[in-house]
Every structure is written in C-alpha cells, then in structure tokens.
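A.B. asks: Got a predicted structure plus its sequence, pasted below:
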Amino acid sequence: MNRFSHPSRARERFLEAILQSAIEYAIIAVDLEGLVTTWNEGARRIFGWEDPEIIGRPVAVIFTENDREAGAPQREMTAALTNGHGDDERWHVRKDGSLFWASGQMMALRSDDGELEGFLKILRDRTEQRENEERQRVLMHELSHRIKNTLAVVQAIISQSFRSASRMVEAEQSISARINAYANAHDILLQKNWLSATMETIVEATATNLGLEPDRIEASGPDVHLNPQAALSFSLVLHELVTNATKYGALSVDTGSVRIEWSVLRNAGDDRFHLLWQERGGPVVERPKKKGFGSRLVRASLAAFGDVSLDYAPTGIAIRFDASLQKLQAKGCSGSQP
C-alpha cells in the first residue's frame, strides 16, 4: 500500500491536529439535537469538562440559566442557518459553575451535498479583555467627573476673585495663588493614587507652599485620612485661612501664631471629626462688615461635609468644624463648590 492510498484518513488526522492545537479556542461540534459530538483541547481548558463528561450532553449546559430560559442556544442555531453565523457575546458557565465572558460564533455544518448535519461553535475566553474595557470605561467616567469638578472650582475661584478684588493685579495674584493651592492638593492625592490624603499632609503642604516658618503654625491631631473631595476642600480652606491670617490676622505680626487641632470622637456608628482653627497674638479682630470670598469659601466648602462656625473674637479668629468622619472618608462623596 503506497502513501497515497488513504488521503481521507490523512486529511482527518491533519484536521484533528489543527483542532486539538487550537488551545486558546473552544471548538465544539453539536448534532441536530444540540448534543455535543466534538470537544477540543481548547474547550477542555476553558470549560473544564473532559471529553467523556461532555460528549453526548446538550451544549446548552455551557450557557447560563437565564440564557437557556431565554432560548439563546436555539437563537444562535437559527442565526447560523439564516445568516451564516450566530454571534456569541455573552457569559458562559464552566464545569465548576464559574462564569466567564466569551466571544465567538456558531456556524452550520453541512455535508458535501449541502445537507445540514449539525453546528460548529467556536469561542474564546474574553473575560480579561472585558474587565479591562470596563475598567477603562469607569476610569474615563471618573476622569470626566473630576475634570468637570475641577473646572467648576477654577471657574468659581476666578469669578469670586474678580468680584472681591479692588484691582486687576490683586485679582490676578489671588487667582494664581488659589489655583496653585488647588493644584498642590491634586499632587498630594495623585501620590496616593487619588484615594485619600491625611489631614497632617494637607496642613504641612499649605504651610510649605505659602513659605511659613514651622513655628508659626502649631498643628496636632491623629492620623485621619480624607477622601479626595474632602481633601481638596480642606486644602482650599486652609490656603484661604493662612493667606488671610498672613495679611490681616495673627500671622501678619511676629508675635502671632495659629493653632490647628483636630480630633476624632468615637461614637457607635457615627465617629465625629472635630477641627479647631485658633489665631493668637495678632491684631485685635473686628467682625467684617460684609462677607468676602474667603469667608464664603470656608463656609461653603466645609458646610458640604458638616457644621462650621466662625467666631470673630477680639483676641483672634476661631473656627470650629464638626462632621461625620464617615462622610469625610466615604468613597465618591463630593462637596459643593466655592
């Protein structure tokens, strides 16, 4: 017998080798009753069933219960007959019951004379790609949200700075300083992957950015992490308070100082965060006749998270803030704009 005696067998071995070598693809053949007749190595790796466990069983077992009840296997077969292929973009079930996202097609299998013999289903595990795409969508949505928030804050800063300033130069300086403080707060958050920033870090950054000597601000308190919106709000508020104290308050004279003290009061189900800003040793304080941008920013930014009170005592301005710690740390919590 020469080597050309059985070309059909050689072709079958060739096709079988291709079928079993496609380990990244599940290749499944089913008969007209929807029973599995062929199950390649890729299908075994992806789904977990061995040949003896799956051959002869309904191909519907790889579909979720909801898709089976909705007739998804039958719709794929119908599409394969009418359109040439039935697209498969859905969750599928492994032997252990776990789900994965698959992408593939179902096609009709016909004999040489065109008679329908069954169907061929080819799919690939695309779970990782789907998860990456979903993460990308979430990140883009979050980025869009942050950009809109940032632009709203910058717009408010510019608008209110021009409204409060008596001269163009003064407005330009205020806008530049406030936006710089806001940008520095973003840098702090980026160092922590935009998850949180500590109260201590925000206070230290404010003092450093405004060039204050270490002994001018006395800061103390426990390690408290704030969510991004709370951190940005506190950064703007502290910048405004320090700037005002440097121009008109306790930090405008060599003998003055500021004490910033925060604490956490543990309550069942509602821990409370307290903060005190106290100026000492500065000029005699007089209650302003009208609210400036600074006082409006302090109230609006902090009031979004808790209760704030301003005391214009002659010996120095005192600001007290009380809020739910959970609200200051909650993911996705956003405060109002200045």
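C.D. replies: Cool, the structure landed.
A.B. asks: Give me the pLDDT value at Ala108.
C.D. replies: We note a pLDDT of 93 for Ala108 in this prediction.
A.B. asks: In stretch 213-227, which residues are buried?
C.D. replies: 216-217, 219, 221, 224-227 (16 or more other Cβ atoms under 10 Å). Any C-beta I mention is one placed from the backbone N, CA and C, and that applies to glycine too.
A.B. asks: And the helix or strand that contains Arg299, what does it pack against?
C.D. replies: Using DSSP states H and E, Arg299 sits within helix 293-303. Applying 3 or more Cβ pairs under 8 Å, 6 or more residues apart in numbering; DSSP states H and E, we find helix 293-303 packed against helix 127-164, helix 228-247, strand 306-313, strand 316-324.
A.B. asks: Ok, which of those comes nearest Ala181?
C.D. replies: Ala181 lies closest to helix 228-247 among the helices and strands packed on helix 293-303, at 3.7 Å (Cβ to Cβ).
A.B. asks: Output the helix or strand that the closest one is followed by as CSV, nothing but the C-alphas.
C.D. replies: As assigned by DSSP H and E, the chain's next helix or strand after helix 228-247 is strand 257-265. Output of strand 257-265 as CSV, limited to C-alpha atoms (Å, rounded to 0.1, in the frame of the first residue of the first chain):
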residue,chain,number,x,y,z
SER,A,257,0.6,82.2,65.7
VAL,A,258,-2.1,79.8,64.6
ARG,A,259,-3.1,76.6,66.3
ILE,A,260,-4.8,73.9,64.2
GLU,A,261,-6.1,71.0,66.2
TRP,A,262,-8.2,68.1,65.1
SER,A,263,-9.6,65.0,66.9
VAL,A,264,-11.9,62.1,66.4
LEU,A,265,-14.7,61.3,68.9
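A.B. asks: got the buried residues of stretch 213-227 as TSV, with distance to Asp67 columns?
C.D. replies: Shown next, in TSV, are these (distance: Cβ to Cβ, whole Å):
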residue	distance to Asp67
Arg216	67
Ile217	63
Ala219	59
Gly221	55
Val224	48
His225	43
Leu226	45
Asn227	39
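A.B. asks: how deep is the closest residue to Val284 other than its chain neighbours tucked in, by neighbour count?
C.D. replies: The shortest distance from Val284 to any residue other than its chain neighbours is 5.1 Å, reached at Pro314 (Cβ to Cβ, 6 or more residues apart in numbering). Using other Cβ atoms under 10 Å, Pro314 has 9 other residues around it.
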